[in-house]
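# A structural model of the following input is requested.
(4 chains)
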2 protein chains.
Amino acid sequence: MERRTPQRDAVRGVVEGARRPMSAAEIHEAAAGALAGIGIATVYRTLKAMLDAGEIVLVSLPGDTPRYESAALGHHHHFHCRACGMVFEVAGCPPGLARLAPRGFAVDGHEVILYGRCRGCA
Amino acid sequence: MERRTPQRDAVRGVVEGARRPMSAAEIHEAAAGALAGIGIATVYRTLKAMLDAGEIVLVSLPGDTPRYESAALGHHHHFHCRACGMVFEVAGCPPGLARLAPRGFAVDGHEVILYGRCRGCA
DNA sequence: ATAGATGCAAAGAGTTTGCATAGGT
DNA sequence: ACCTATGCAAACTCTTTGCATCTAT
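Predicted coordinates for the structure are as follows:
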């Protein structure tokens, strides 16, 4: 991320402005709205650089393409609605997570995904 | 899964015998040990059928290809070592998971992944 | 005998990379 | 001016599909 370019501004603008994790294709499409002609390869390269820089976080849901979201949202988890497929943010963590690991294992992070039906689909 | 074939027996044998979630390529390689010449397409078709039948479960770790494991292992979670990449099973669940969801959301399942260093790498 | 299952190879989807050019500093 | 970043297209990886053949029932 050495240089500031319109392409990187566009990608960053999309991801930082999103309230849900977006796929590379969604980010590309949205970024193209702000900057016509931006290439998908540039989107991938920018996302990779932002991941390495810790600006964004990779969110991977089983059976789905990877998604990305702003690291500025802070630590949180996700709720995946089985009916409509939407992904919602979930605040807070369950307690005692690190204690689940076997003896001698050092836990330094975790991911939690809840499944079910969102308010609209329940 | 209408017919019982040597190929399906081989794939089932590998997955049921594994103590960790395996990728399609790993399953193919292991199955080829028991049944030389088995095709990768057959492995994918068999895994899909077993998933649909509920015999196996899909385990997806961020930034990794999908893995599969026996549903007979029962409900458990995973520990992903950042150093060696190995995946270990974790027994038990954190309490109060369903309470994390927003009001009106119905939680019927969850996934927990722990990250860190395994005993050997810590 | 018959319909489902297999293996191969081609097709698809998603992601990465090589290279000449554009453009930020 | 220099050197990184871009866009395009090709390459790659993983997974699915079409089709002729084989095989479990």
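
# what's the domain layout of chain A?
Under the assignment automatic domain parsing, the domains of chain A span A:6-72, A:75-116.

# any chance of TSV for these, columns mean pLDDT and distance to chain B?
C-beta coordinates here come from the backbone N, C-alpha and C atoms, glycine included. Below are the domains of chain A laid out as TSV (pLDDT from 0 to 100; distance: least, CB to the nearest CB, whole Å):
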stretch	mean pLDDT	distance to chain B
domain A:6-72	94	4
domain A:75-116	89	4
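
# out of those, which is closest to DNA strand C?
domain A:6-72 (3.2 Å; CB to the nearest atom of the strand).

# near DNA strand C at all, the closest one?
Yes. Domain A:6-72 reaches DNA strand C (CB under 7 Å from any atom of the strand) through A:6, A:23-25, A:40-41, A:44-45, A:48, A:65-66.

# ditto for stretch A:82-98
No. Stretch A:82-98 lies out of reach of DNA strand C by CB under 7 Å from any atom of the strand, never closer than 13.7 Å.

# just the CA coordinates of that stretch, formatted as PDB?
C-alpha atoms of stretch A:82-98 as PDB (Å, rounded to 0.1, in the frame of the first residue of the first chain):
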ATOM      1  CA  ARG A  82     -30.700 -20.200   6.500                       C
ATOM      2  CA  ALA A  83     -33.800 -18.800   4.800                       C
ATOM      3  CA  CYS A  84     -32.700 -15.600   3.100                       C
ATOM      4  CA  GLY A  85     -28.900 -16.100   3.200                       C
ATOM      5  CA  MET A  86     -28.300 -12.700   4.700                       C
ATOM      6  CA  VAL A  87     -25.400 -12.200   7.100                       C
ATOM      7  CA  PHE A  88     -25.900 -10.100  10.200                       C
ATOM      8  CA  GLU A  89     -23.400  -8.900  12.700                       C
ATOM      9  CA  VAL A  90     -23.500 -10.200  16.200                       C
ATOM     10  CA  ALA A  91     -22.000  -8.200  19.100                       C
ATOM     11  CA  GLY A  92     -20.200  -9.900  22.000                       C
ATOM     12  CA  CYS A  93     -18.500 -13.200  22.500                       C
ATOM     13  CA  PRO A  94     -19.400 -16.200  24.500                       C
ATOM     14  CA  PRO A  95     -17.300 -16.600  27.700                       C
ATOM     15  CA  GLY A  96     -14.800 -19.300  28.300                       C
ATOM     16  CA  LEU A  97     -13.900 -19.900  24.700                       C
ATOM     17  CA  ALA A  98     -10.200 -20.400  25.300                       C
END
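
# list the buried residues of it.
Buried residues in stretch A:82-98, counted by 16 or more other CB atoms under 10 Å in any protein chain shown: A:87-88, A:90, A:93-94, A:97.

# equivalent analysis for stretch A:2-11, please.
For stretch A:2-11, by 16+ other CB under 10 Å, it's A:7-8, A:10-11.

# for that stretch, list the C-alpha coordinates in CSV.
Taking Å, rounded to 0.1, in the frame of the first residue of the first chain, the C-alpha atoms of stretch A:2-11 are listed here in CSV:
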residue,chain,number,x,y,z
GLU,A,2,2.7,2.4,-0.9
ARG,A,3,0.8,4.7,-3.2
ARG,A,4,-2.6,6.2,-2.9
THR,A,5,-4.6,5.6,-6.1
PRO,A,6,-8.2,6.2,-7.1
GLN,A,7,-8.6,2.5,-7.4
ARG,A,8,-7.6,1.9,-3.8
ASP,A,9,-9.7,4.8,-2.6
ALA,A,10,-12.7,3.2,-4.4
VAL,A,11,-12.1,-0.2,-2.9
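
# other residues contacting that stretch?
Stretch A:2-11 is contacted by residues A:1, A:27, A:31, A:34-35, A:38, A:42-43, A:46-47, A:50 when judged by CB atoms under 8 Å, 6 or more residues apart in numbering or on different chains.
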